[in-house]
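Undergrad: Have a look at this prediction, sequence included:
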Amino acid sequence: MHLQIERSSFGDFWISDGCIWLYTSDKMSRFLIDNLIRIGQLSVSFEETDERPVQVFQTRRFTCVIASERIDAVVAGLCHCSRSEAKEKIRQGLVQVNHVTLEEPDELCNNNVTISIRGTGRFTYLGTLRKTRGDRIAAEFLQDI
């Protein structure tokens, strides 16, 4: 970012009803209020609030064929890439399971885990539906949209 702010300095944010809702520390909120006045060509201003709006997620349910329930196979299926590319995404810190950044690609996915892949999206693994003829897994997911 132009202000040299690390993305990890603040929590979730979303845009709703013409507002940007941003969760961050008191110190960072003061810095943003005082210094963040433009995003691209758009003029912006921030203010602190105690209001806690409810974020409503819309989801879509879909089936994805994966080789196994290992996280690298799941990421490969969700990103439509090879397992070696999925492993690289994991090692780069781009994948989180239940909001914890993964370091190794050999963990197994359990039902109802949240998988966040930077640049791809956030998914909830609902479990396996069936085996395919090629002995792969047809798994069901919810995607936040």
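TA: Yep, that arrived. All figures in this text were calculated on a predicted structure; none of them were measured in a lab. Numbering: from 1, shown residues only.

Undergrad: Domain ranges for this protein, per the record?
TA: Here the domain parsing of the chain from automatic domain parsing is 1-56, 59-144.

Undergrad: residues in contact with stretch 59-68?
TA: Outside stretch 59-68, the residues within contact range by C-beta atoms under 8 Å, 6 or more residues apart in numbering are 73-74, 76-78, 83, 124, 126, 129, 132, 136-145. Any C-beta I mention is one placed from the backbone N, CA and C, and that applies to glycine too.

Undergrad: Repeat the analysis, applying 7 Å as the threshold.
TA: Stretch 59-68 is contacted by residues 73-74, 77-78, 129, 132, 136-145 when judged by C-beta atoms under 7 Å, 6 or more residues apart in numbering.

Undergrad: hang on, the earlier thing: out of the domains of the chain, name the one with the poorest average pLDDT.
TA: Mean pLDDT values for these show the minimum at domain 1-56, a mean of 82.

Undergrad: Centre of the chain to that domain, how far?
TA: With C-alpha atoms, centre = their mean, to the nearest Å as the basis, domain 1-56 stands 18 Å off its chain's centre.

Undergrad: Give me the nearest residue to residue 47, chain neighbours excluded.
TA: residue 33 (6.7 Å; C-beta to C-beta, 6 or more residues apart in numbering).

Undergrad: ignore the last one, residue 111
TA: Of all residues not flanking residue 111 in the chain, residue 127 sits nearest, at 4.3 Å (C-beta to C-beta, 6+ apart).

Undergrad: could you measure the one you found against residue 115, distance?
TA: For residue 127, the distance to residue 115 equals 13 Å [C-beta to C-beta, to the nearest Å].
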